[in-house]
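**Q** The following comprises the amino acid sequence and a computationally predicted model.
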Amino acid sequence: MTTPLFALVDVNNFYVSCERVFQPKLEDVPMVVLSNNDGCAVARSAEVKALGVKMATPWFKLKDLAKEHGIVAYSSNYTLYGDMSSRVVEVLKKFTPNLEVYSIDESFLAIETVLKHYPDASHLGHLMKQTVKDTTGLPVCVGIGASKTLAKLANHLAKKHPQFAGVCDVESMPKAELYQWMTETEVGEVWGIGKRIAKKLHLLNIYSVFDLLQTSPQSLRQQFGVVMERLCYELRGVSCLQLEEVTPAKQQIVSSRSFGKPVSSMSELAESVATHVARGAEKLRSQHSVAGALTIFIQTNPFKPHEPQRHQSVVVPLADPSDNTLTLTTAAIEGLKQIYCSGFKYKKAGVMFSLLADKPTVQQSLFDDVAAKGKSAGLMKALDSINGRFGNTVLRTAAAGTKQDWVMRSGNRSPNYTTRWDELPVVQ
DNA sequence: TCTGGGGTCCTAGGACCC
DNA sequence: TCTGGGGTCCTAGGACCC
């Protein structure tokens, strides 16, 4: 068996680059792409990044800087980005079918099996880069390494340092050179190390990627858990994370959105919730799942701490798991009624589908089973079975012998919900 | 005035069972 | 009345990713 070799292909400033493909005059113009309601900058061009603008900076905070440097802002067009994304994947699949679509702008490729057709991995990387550019117009960087984490790191180097010309293969590099790069790269840049962990690592005098690589995986496991241990092995070139070529079905599906202007009335919230249910249900059906429960949540504006804050959510278990928009909407609106409180300015609403299953008949038959047996001899066994498979929300529903059972949570601030569990009476 | 929208995995502690 | 161990599952919360 050949040792694995991963390539990570990542589009530079993806949304910005998509816009530029269709408007070449924007090339070299400092620009950002804005989130829903034109709230935040969710993509920044190289020029804007160079000005120190962070991801998700609110546009209104950028206006002065924008004036000064001529930054242009575009509203996002996710249909376009989704389409461009699949085009890139199609191009990459021609190099190897062993590909994992990691995000809208990134794919991992297993390249050890196709390497024989090329002079070396770096050559292959450059070919990928050029082909994507020629076919889609999008600029990418390629990172190559013996583990996914190393491929990620290589990609980071390729992006940051012009001498790599967009392709970095850490495996072909002399070890001394690689360690030099690792010494110069902050530990927080490693895939899987965020702000919090980086801070804790600093306390242990681990500042660079190389520092981390040298730390014993066992001691990292003790202090940080298995994820960090695995990560350390990955940095040492021991591949622990495999390519996931088949995209697994989602375990939860969320649809939520901030309002442009705060809303207070039940009718406006209901309209929004209904829209989210419809969107979510569509996603649900597209992956052939049914939801066993749904969560409805509404929130006030956390950026206005002086205004009364309210973050509420309710979980509505469904006795009959469903993907039906009408059924789900009815349940959602009932839930909304439970949590709605007038007198607040709500800024965000959404719906989450959970307890997803692709075999609704199994769950239903178990439920019927319990109902038929009553709360007696065979009950515990049946409940155990349900508990094991579908979680205790469904279990409680079954145990109560009711069709619906509500679980309420409410609180004042996110994310510190002051959780209050109320088993409300059945709503018919 | 205006502040994104999705997701995942892991762990600790409690409930519950035998 | 007090005392037990092993195991599984759940929830909440924390951390991360793009």
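**A** Happy to help now that I have it.
**Q** Look up the residues forming beta bridges with the residue nearest the centre of chain A.
**A** With distances taken as C-alpha atoms, centre = their mean, residue A:103 lies nearest the centre of chain A, 8.1 Å away. On the basis of DSSP bridges, residue A:103 is bridged to residue A:106.
**Q** how much space between it and residue A:202?
**A** Counting by C-beta to C-beta, to the nearest Å, the gap from residue A:103 to residue A:202 is 28 Å. For the C-beta atoms, the positions are set from N, CA and C on the backbone; glycine is no exception.
**Q** circling back to that earlier point, need the pLDDT of the residue nearest to the centre of chain A.
**A** Note for residue A:103: predicted pLDDT of 96.
**Q** do residue A:365 as well
**A** In this model, residue A:365 carries a pLDDT of 45.
**Q** again, but for residue A:222
**A** With respect to pLDDT, residue A:222 has a value of 87.
**Q** Let me know the distance separating it from DNA strand B.
**A** Applying C-beta to the nearest atom of the strand, to the nearest Å, the value for residue A:222 to DNA strand B is 10 Å.
**Q** how many other residues sit next to the residue of chain A found nearest DNA strand C?
**A** Chain A approaches DNA strand C most closely through residue A:194 (2.3 Å), counting by C-beta to the nearest atom of the strand. Neighbourhood size, residue A:194 [other C-beta atoms under 10 Å]: 9.
**Q** out of everything not next to it in sequence, what's closest to it?
**A** Distance criterion C-beta to C-beta, 6 or more residues apart in numbering; nearest residue to residue A:194, sequence neighbours excluded, is residue A:188 at 7.4 Å.
**Q** so the residue in the stretch 251-400 of chain A positioned nearest to DNA strand B, which of the three states?
**A** Distances between the stretch 251-400 of chain A and DNA strand B by C-beta to the nearest atom of the strand are smallest at residue A:254, namely 3.1 Å. Under the three-state scheme (DSSP: H, G, I helix; E, B strand; the rest coil), residue A:254 adopts strand.
**Q** Run through the residues of chain A sitting next to DNA strand B.
**A** Neighbours of DNA strand B within chain A, by C-beta under 7 Å from any atom of the strand: A:35-37, A:39-40, A:42, A:55-56, A:58, A:60, A:225-227, A:250-258, A:261-262, A:283, A:301, A:303-304, A:347-348, A:350, A:352, A:380.
**Q** Among the residues you listed, which are located in helices?
**A** Secondary structure from DSSP state H places A:60, A:226-227, A:283, A:380 of those in helices.
**Q** And the furthest pair within the residues you listed?
**A** Farthest pair in these (C-beta to C-beta) is A:60 and A:380. Separation: 58.2 Å.
**Q** Residue A:283 contacts residue A:254, doesn't it?
**A** No. If you go by C-beta atoms under 8 Å, residue A:283 and residue A:254 don't touch, sitting 9.0 Å apart.
**Q** and residue A:311, how many residues sit next to it?
**A** Residue A:311: 22 neighbours (other C-beta under 10 Å).
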